[in-house]
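K.L.:
The sequence and its predicted three-dimensional model are supplied below.
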Amino acid sequence: MTRHDSTTTAPLDRIAKIETFVVSIPREVPYLGPLRDGEFINDKGYLIRKGNRSIYPASDLSVLVRITGESGVVGWGETYGIAAPEAVTAIIDNLLAPVILGRCPSEVAVIWEDLYDLMRVRGFFGGYYVDALAGLDIALWDLYGHRAGLSVAQLLGGQRHHTLPAYVSGLPRATLAERCALAEDFVSKGYRAIKFAAAVSDEGIVQEMAALREAVGPDVDLMVDLHWKFEASEAIRLIRRLEPHNLYFAEAPCQPEDIEGQAKVAASIGTPLALGEEWRTVYEVRQRLTAGTCGILQPEIGHTGITQFARIGQLAQTFHKHVIPHASISTGIFMAASLQATAALQRVPYHEYQHSIFDRNLTFTEGDMSCAEGVYTVPTGPGLGVRPADALLEHVRGPIT
């Protein structure tokens, strides 16, 4: 039976069912490009990039969340699942889902806070637990939007942007010459911002920056992802060598926990420092902003969910910082969530465009989300504005009905 609030005739459509699914989508070329010397795919399907000492799956892994209301209306969510995604599904299935059955999706921000509190004394404030919250949170916002007949951007207070500038993320080719040619190709298609990855800059980071600048000309914004590779003083020296080539931002120079090092770098360079893809809550962001660590925030909605993404965006505004959201391996569901949440923010010069992932994912989602000629189109329609296509469900591990 559908229940109603005592002050309105609108149905609440309480949560009736929550399901999780691990998705594995094959890749011809591993994330960040071909394998380098000494890199290999192990028997569990993972590889370690020597350039940044980080583990990646050989296929694209993610976790989908489906929440069904009492009326049968469905909300879809997705969370970061590129390493051991079964950890995320176990947390949702065993801990989180049972305690929110019967709740109303319009209470989504309160539900996030209640779930965050469940593990307060158990070291919960990062990692898989909060990633699990993100997937649930996105699905609840989607369900809420469908019941209200409004997009997530509208639910967040209003849609400021219907399109968003996109920067090209990564040039997954084996040689510097090939990467420069790929950058030129994107510029010819209308893109005006490109980020290269230090982890695979085999000929040298400064040399790569110089070659890319020569290839694309003076009017394209060039960024570098330093993948947490450097001690603060090393990062300062390196970034200063990149700045004569008109570096737009430097991303993640020091290890994520080195707040003092990040602040030292930010204070010693003339280029904005960009941080935040690994942050999950506004609590992590606040201490870094007060420490003066960055000029650009890069929230990853697969870690934050919509509730925390919106709060991070609002906090960034109070510090007069730009937000340039991060985009990771996904199926397209949390990418749509990121575009929706970003569309409600001010001070958004770009949104990351993972071309090797996003373009493929358009075949796995239904909706009008797109990226062409350097610009994202924010999906229209209620909730996220996209739904999983049948082609995506074919890549789910295990049965789905």
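P.N.:
Yep, that arrived. All of these numbers come straight from a predicted model, not from anything done at the bench.

K.L.:
tell me, how many neighbours does the closest residue to residue 49 other than its chain neighbours end up with?
P.N.:
Distance criterion CB to CB, 6 or more residues apart in numbering; nearest residue to residue 49, sequence neighbours excluded, is residue 199 at 5.5 Å. Using the backbone N, CA and C atoms, a C-beta is placed for each residue, glycine as well. By other CB atoms under 10 Å, the residues close to residue 199 number 22.

K.L.:
So residue 199 is in contact with residue 31, correct?
P.N.:
No: counting by CB atoms under 8 Å, residue 31 is not a contact partner of residue 199; they are 10.6 Å apart.

K.L.:
State the distance from the residue nearest to residue 49 to residue 100.
P.N.:
39 Å (CB to CB, to the nearest Å).

K.L.:
Which of the helices and strands in the protein ranks last by mean pLDDT?
P.N.:
Across the helices and strands of the chain, the lowest-confidence element by mean pLDDT, DSSP states H and E is strand 54-57, at a mean of 88.

K.L.:
How about that one, which residues are buried there?
P.N.:
Neighbour counts over strand 54-57 (16 or more other CB atoms under 10 Å) mark 56-57 as buried.

K.L.:
Residues touching it, excluding its own?
P.N.:
24, 30-32, 45-49, 82-83, 199, 227, 329 (CB atoms under 8 Å, 6 or more residues apart in numbering).

K.L.:
Now the element after that strand, going C-ward?
P.N.:
As assigned by DSSP states H and E, the chain's next helix or strand after strand 54-57 is strand 60-69.

K.L.:
how distant is that next one from the center of its chain?
P.N.:
Centroid separation for strand 60-69 versus its chain: 15 Å, with CA atoms, centre = their mean, to the nearest Å.

K.L.:
quick one: contacts of the helix or strand just after it?
P.N.:
Counting by DSSP H and E, the next helix or strand C-terminal to strand 60-69 is strand 74-80. For strand 74-80, contacts defined as CB under 8 Å, 6+ apart pick out 62-69, 88, 105, 131-132, 134-146, 300, 302-303, 305, 328-331, 333-334, 337, 383-384, 387-388.

K.L.:
hmm, back to that, just the CA trace of the least confident helix or strand of the chain, in CSV.
P.N.:
As requested, the backbone C-alpha atoms of strand 54-57 are provided in CSV (Å, rounded to 0.1, in the frame of the first residue of the first chain):
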residue,chain,number,x,y,z
SER,A,54,48.5,2.4,-8.3
ILE,A,55,46.4,-0.7,-9.1
TYR,A,56,43.8,-0.7,-11.9
PRO,A,57,41.5,-3.4,-13.4
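
K.L.:
That one pairs with which strands, and in what direction?
P.N.:
Strand 54-57 has the following strand partners under DSSP bridges: strand 46-49 (antiparallel).

K.L.:
before we move on, back to that, so the residue nearest to residue 49 versus residue 343, what's the distance?
P.N.:
From residue 199 to residue 343 the distance is 31 Å (CB to CB).

K.L.:
quick check, distance from the helix or strand that contains residue 134 to the centre of its chain.
P.N.:
Per DSSP H and E, residue 134 falls inside helix 128-148. How far helix 128-148 lies from its chain's middle: 15 Å, per CA atoms, centre = their mean.

K.L.:
Over to stretch 375-384?
P.N.:
Centroid displacement of stretch 375-384 relative to its chain, using CA atoms, centre = their mean, is 16 Å.

K.L.:
Need the distance between the two termini of it.
P.N.:
18 Å (CA to CA, to the nearest Å).

K.L.:
Check stretch 292-300 too.
P.N.:
20 Å.

K.L.:
Give the buried residues for it.
P.N.:
Result for stretch 292-300 [16+ other CB under 10 Å]: buried residues 293-300.

K.L.:
For that stretch, give the mean pLDDT please.
P.N.:
Across stretch 292-300, pLDDT averages out at 97.

K.L.:
Let the chain start at 196 from now.
P.N.:
With the count now opening at 196, the last piece we talked about shows up as stretch 487-495.

K.L.:
What is the distance between that stretch and the centre of its chain?
P.N.:
Here stretch 487-495 is found 13 Å from its chain centre; the criterion is CA atoms, centre = their mean.

K.L.:
do stretch 317-337 as well
P.N.:
Averaged C-alpha coordinates place stretch 317-337 at 13 Å from its chain's average position (CA atoms, centre = their mean).

K.L.:
With that, I have no additional questions.
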